[in-house]
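**Q** could you look at this predicted model? Sequence included:
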Amino acid sequence: MALCASCQVEVATGKFCPTCGKQLVDNSAPIESQVSAPVITPRNNLAMWAHLWPVIGAVIGCFTIFPWFVLWLPGLLIRGSATSTDFDRRHATESLNFQLSLLVYSAAATVLVVLTIGLGILLMGPALIGLAIAALVFSIMAMNAATSGREYRYPLSIRFVK
């Protein structure tokens, strides 16, 4: 039997908690033999890609307009994959919700600029630049959490998909 240090749930099999995704502590092994460093597994890599691909797509989107409309696609693909675990699906859902939220915020800013006949750009321009910087920082934090086997919730994210 292993015990999750975070949510205090006993788990019979596996190395990660099915509830919170953190690495389990083996009750029978001595504490010195338990490794606290993050273990990178294919599971963590797939969850990390759910957060990394939108960042790559946004950089490519600086040179072309097409990727801006598909930044949410990796989250949707990982969620629907037959090989993804619950941990991957939770991270993909978070990434999907955040990218859809950014799309809604950008669309609202664009509508405001059009309705004010361009005067809204004085307010929305700096706001969108700040939102882009925040999105980059939050994505890096989410990639770090996914690689470490931890859960992450994006701030400023609307929960479109459960």
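**A** Sure, I can see it.

**Q** okay, CA-based contacts and neighbour counts for the rest of this
**A** Fine.

**Q** mind giving me the domain ranges of this protein?
**A** The chain breaks down into these domains under automatic domain parsing: 1-37, 42-148.

**Q** out of those domains, indicate the one that is most buried.
**A** Highest mean neighbour count among the domains of the chain (mean count of other Cα atoms under 10 Å): domain 42-148, with a mean of 18.

**Q** any idea how far that one is from the chain center?
**A** 9 Å (Cα atoms, centre = their mean, to the nearest Å).

**Q** pLDDT on that domain, on average?
**A** Summarised as a single mean, pLDDT over domain 42-148 is 83.

**Q** grab the most central residue of the protein for me.
**A** The centroid of the chain falls nearest to residue 95 when counting by Cα atoms, centre = their mean (3.8 Å).

**Q** out of the domains of the chain, nearest to residue 161?
**A** Residue 161 lies closest, by Cα to Cα, to one member of those: domain 42-148, at 6.3 Å.

**Q** which is the next helix or strand following the longest helix seen in the chain?
**A** The longest helix of the chain (DSSP state H) is helix 86-115. Downstream of helix 86-115, the first helix or strand assigned by DSSP states H and E is helix 121-148.

**Q** many thanks, have a good one.
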